[in-house]
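Chemist: Could you work out the structure for the sequence below:
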Amino acid sequence: MDTSTFRWVLIVIAILVGIGVYLFGVHQARLRKRSSIETFTREEVDSAFVEDEQLRFEMNNLNQILTENEVDEDLEEIQINPAREVPKPPFASPDAEIFVPTMIKSRDEDSLISYHLRFEDFRLITGEEADAAVQETGLELNTEGLLEFREEGEVCFQVASLSDPGHFNEIEKLDFATLGFNCFIDLETCEHPRLAYESMLKKIDELVRLMNVKVYLPNQDLLMISDITRDREKLA
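Modeler: All right, here's what the predicted structure looks like:
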């Protein structure tokens with residue numbers, strides 16, 4: 001190899017080494033920059049996290065202090081009077097006697113369907129409650145003082161009071177009260193007992209929802225679906 005060729009080889013090698021050194025320096029600069037950015041970002045995130053945790057801790061402490069203060073205030077307002085008795089429900093009659101009108105007593109069990117509507121604790125139904133329910137369900141007062149429901153001019157069923165004297169003549173008076181309603185169908189005089197029975201069930205359902213009462217059999221057992229099925233079969 002002559003001197004001229006060797007000189008050009010050295011020049012090319014020097015250029016390549018220079019380029020390599022330059023590229024390596026650029027690469028290292030980029031790595032340092034990326035590393036510094038990531039470090040700065042982590043520091044910001046860590047700092048925000050610490051501040052958030054500190055804020056949450058302080059808020060929890062504040063809520064706890066406020067809650068304790070509220071509890072203390074509530075305890076100060078509570079007044080216990082052990083000598084004071086819990087009042088009984090208004091018009092409660094635990095020893096009440098169910099009144100049954102003579103016209104119902106005289107009927108044979110097979111010729112009568114009768115259900116009682118009353119409160120479980122025998123609380124009396126006020127005249128205002130009874131009158132509102134009567135007006136809402138379309139019951140009417142007949143000449144005997146009983147309530148009745150008519151469809152197409154025919155009496156479907158009647159309602160007697162469970163309290164003596166058994167009628168509702170004074171239902172609009174302020175001092176009127178009754179243990180409940182005795183809804184009944186006289187099968188001896190009813191021309192269409194099956195239709196009348198379904199109408200009575202419908203109105204009983206309305207009365208139950210209006211007065212929040214329960215339905216009982218004449219023996220004071222709660223009315224069950226099986227009892228309704230039995231009575232429907234009796235009318236078939």
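
Chemist: Mind checking what secondary structure Glu148 has?
Modeler: Of the three states, Glu148 takes strand under DSSP: H, G, I helix; E, B strand; the rest coil.

Chemist: Apart from its neighbours in sequence, what residue is nearest it?
Modeler: Of all residues not flanking Glu148 in the chain, Gln158 sits nearest, at 4.7 Å (Cβ to Cβ, 6 or more residues apart in numbering). C-beta here means a position set from N, CA and C on the backbone, and glycine is covered the same way.

Chemist: Skip ahead from the lowest-mean-pLDDT helix or strand in the chain and say which helix or strand is next.
Modeler: Ranked by mean pLDDT, DSSP states H and E, the weakest helix or strand in the chain is helix 3-77, scoring a mean of 60. Using DSSP states H and E, the helix or strand that follows helix 3-77 in sequence is helix 102-105.

Chemist: Return the set of buried residues in that following helix.
Modeler: Ile104 (16 or more other Cβ atoms under 10 Å).

Chemist: On the C-terminal side of it, identify the next helix or strand.
Modeler: Assigned by DSSP H and E, the successor of helix 102-105 is strand 112-118.

Chemist: In its sheet, which strands sit next to that following strand, and in what direction?
Modeler: Here strand 112-118 is paired, per DSSP bridges, with strand 180-186 (antiparallel), strand 214-216 (antiparallel).

Chemist: from the chain's centre, how far out does that strand sit?
Modeler: Taking Cα atoms, centre = their mean, to the nearest Å, the mean C-alpha location of strand 112-118 is offset from the chain mean by 29 Å.

Chemist: for stretch 213-222, same thing?
Modeler: Distance, centroid of stretch 213-222 to centroid of chain: 26 Å (Cα atoms, centre = their mean).

Chemist: Kindly tell me how buried the residue nearest to Glu148 is, as a neighbour count.
Modeler: By other Cβ atoms under 10 Å, 23 other residues sit near Gln158.

Chemist: So in that sheet, which strands flank the helix or strand containing it, and in what orientation?
Modeler: Assigned by DSSP H and E, Gln158 belongs to strand 154-161. Next to strand 154-161 in the sheet, as set by DSSP bridges, lie strand 147-151 (antiparallel), strand 180-186 (antiparallel).

Chemist: one step back: pretty sure the residue nearest to Glu148 is touching Leu147, no?
Modeler: Yes. Contact criterion Cβ atoms under 8 Å: Gln158 and Leu147 qualify, at 6.7 Å.

Chemist: got the domain boundaries for the protein?
Modeler: Following automatic domain parsing, one gets these domains for the chain: 1-84, 102-235.

Chemist: Would you mind finding the most buried of those?
Modeler: When the domains of the chain are scored by mean count of other Cβ atoms under 10 Å, the highest mean neighbour count falls to domain 102-235 (a mean of 16).
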